[in-house]
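**Student:** The following block contains a protein sequence and its predicted model.
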Amino acid sequence: MIETLETWFGELEGTLFQDIILPVVYQLGFGGYAEEAFTGTEWLLVGLIQIAVMFLILGPLERLRPVEPVTDRAAIRTDMLYTAIHRLGLFRLAMFFVLGPTMDWVEGHLRLLGWQRINVEDWWPGVTSIPLVSFCVYLLLFDLLDYWYHRMSHTWRWWWSLHALHHSQRQMTVWSDNRNHLLDDLLRDAVFAVVALAVGVEPSQYVVLVALSQLLQSLQHANLRLHFGRIGERLLISPRFHRTHHAVGVGHEASGQPQRLGGCNFGAIFPWWDMMFGTARFADGYHATGIRDQLPPPVGRGRDYGAGFLRQQWYGLKRLLGRG
């Protein structure tokens, strides 16, 4: 079954690359980047599959069991733009030109100093060299990294000024996962690229790791009244568990201290890290989402986080510089 899917995916990727992507690359005068374009085709195809799943499966689920009625379709359309930018490889294409040369320079100098990758496959010869085992190890490593990256973005004020854009969506849906400030995404990609370089994850495995994580996080952000039961909630993050992370006054504040940053439920795929480090909160209800200072006085400040892509990015920069 898996081999059949791999064969089907490879054939589809090859056709898409040869018939569409490569001619465009040469037409634009970027023939020297044909190899990189093939990698980009893989990201594009994976993104198209994800978006198809979101439209055909997750979207109908939302309409079947919504937490709340949809009232702000303009905000959702903006989130869909974020999704297209990230899932179809447009952001990764830009990052290739920004981060690619830097990462090559860093790796080259480290090798001159005698540095070698800490390959997971070498940790337990005969066991971690099995593709499925190594994939699971990578999945756990990157999920742990995601937990701490996310938690730190709720800890430092300058970082939160960017990450707050993600939490400002009060009409959370399956499209809300990629609603982030581009500077925050640039920082995240740099951190994950360095770690991927250090542990020696294969590019093809990395694509699958990212795609799996993204699709699960799309489900977590869905406007969907769904949980996995007492045991299941502690095995995999559900929409209810993650919605608590986005809850007004809960997911972005220290408990009982509205003026201090903090929160709960920072995990990306598994709730284990939240349980291990004391940040898990298993709530029964489905709370309203957003940030306290979006609310009108006296509860909040009536703060505006922007109603469209460009304004949201601009307001994020202003918050970062202490002017918004």
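**Tutor:** Great, that's in hand. Numbering: from 1, shown residues only.
**Student:** ok, and for stretch 257-276, which residues are buried?
**Tutor:** For stretch 257-276, the buried set under the neighbour-count rule, 16 or more other CB atoms under 10 Å, comprises 261-274. Quick note: C-beta positions are derived from backbone N, CA and C, even for glycine.
**Student:** Likewise for stretch 132-147?
**Tutor:** Those would be 133-135, 137-139, 141-147, for stretch 132-147 by 16+ other CB under 10 Å.
**Student:** Do a quick rundown of the helices in this structure.
**Tutor:** 2-16, 22-27, 34-53, 59-64, 73-87, 90-112, 131-153, 157-167, 182-199, 203-220, 229-232, 239-245, 272-276, 309-320 (DSSP state H).
**Student:** if we can go back for a sec, so which of the buried residues of stretch 257-276 belong to strands?
**Tutor:** L261 (DSSP state E).
**Student:** CA atoms of stretch 235-251 as PDB?
**Tutor:** C-alpha atoms of stretch 235-251 as PDB (Å, rounded to 0.1, in the frame of the first residue of the first chain):
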ATOM      1  CA  LEU A 235      -2.400  11.000  23.100                       C
ATOM      2  CA  LEU A 236      -3.100  13.500  20.300                       C
ATOM      3  CA  ILE A 237      -3.900  17.200  20.300                       C
ATOM      4  CA  SER A 238      -7.600  17.700  19.500                       C
ATOM      5  CA  PRO A 239      -9.500  20.800  18.300                       C
ATOM      6  CA  ARG A 240     -10.900  21.300  21.800                       C
ATOM      7  CA  PHE A 241      -7.400  21.100  23.400                       C
ATOM      8  CA  HIS A 242      -5.900  23.600  21.000                       C
ATOM      9  CA  ARG A 243      -8.900  25.900  21.100                       C
ATOM     10  CA  THR A 244      -8.200  26.300  24.800                       C
ATOM     11  CA  HIS A 245      -4.800  27.600  23.800                       C
ATOM     12  CA  HIS A 246      -6.500  30.300  21.700                       C
ATOM     13  CA  ALA A 247      -9.100  31.100  24.400                       C
ATOM     14  CA  VAL A 248      -9.400  34.800  25.400                       C
ATOM     15  CA  GLY A 249      -7.500  35.400  28.600                       C
ATOM     16  CA  VAL A 250      -6.400  31.800  28.900                       C
ATOM     17  CA  GLY A 251      -4.000  30.800  26.100                       C
END
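**Student:** ok so, going back, among the helices of the chain, which is nearest S176?
**Tutor:** Nearest of the helices of the chain to S176, taken as CB to CB: helix 73-87 at 5.1 Å.
**Student:** Touching that closest one from outside, list them.
**Tutor:** 47, 50-51, 54, 70, 90-92, 169-171, 173, 175-180, 185, 214, 307-309, 312 (CB atoms under 8 Å, 6 or more residues apart in numbering).
**Student:** picking up where we left off before, could I get the buried residues of stretch 257-276 in JSON lines, plus columns for pLDDT and distance to H163?
**Tutor:** Converted to JSON lines, those look like this (pLDDT from 0 to 100; distance: CB to CB, whole Å):
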{"residue": "L261", "pLDDT": "86", "distance to H163": "10"}
{"residue": "G262", "pLDDT": "89", "distance to H163": "13"}
{"residue": "G263", "pLDDT": "91", "distance to H163": "10"}
{"residue": "C264", "pLDDT": "95", "distance to H163": "15"}
{"residue": "N265", "pLDDT": "96", "distance to H163": "14"}
{"residue": "F266", "pLDDT": "97", "distance to H163": "11"}
{"residue": "G267", "pLDDT": "96", "distance to H163": "15"}
{"residue": "A268", "pLDDT": "95", "distance to H163": "14"}
{"residue": "I269", "pLDDT": "96", "distance to H163": "19"}
{"residue": "F270", "pLDDT": "97", "distance to H163": "21"}
{"residue": "P271", "pLDDT": "97", "distance to H163": "20"}
{"residue": "W272", "pLDDT": "97", "distance to H163": "22"}
{"residue": "W273", "pLDDT": "97", "distance to H163": "18"}
{"residue": "D274", "pLDDT": "97", "distance to H163": "17"}
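**Student:** Would you mind confirming that R240 makes contact with Y286?
**Tutor:** Yes - when contacts are counted by CB atoms under 8 Å, R240 is listed as touching Y286 (6.2 Å).
**Student:** Between these two, point out the one with more neighbours.
**Tutor:** R240 (22 against 19; other CB atoms under 10 Å).
**Student:** residue contacts, the residue lying closest to that one once chain neighbours are set aside?
**Tutor:** Spatial nearest neighbour of R240, chain neighbours left out: H227 (4.1 Å); criterion: CB to CB, 6 or more residues apart in numbering. Neighbour list for H227: 233, 238-241 [criterion: CB under 8 Å, 6+ apart].
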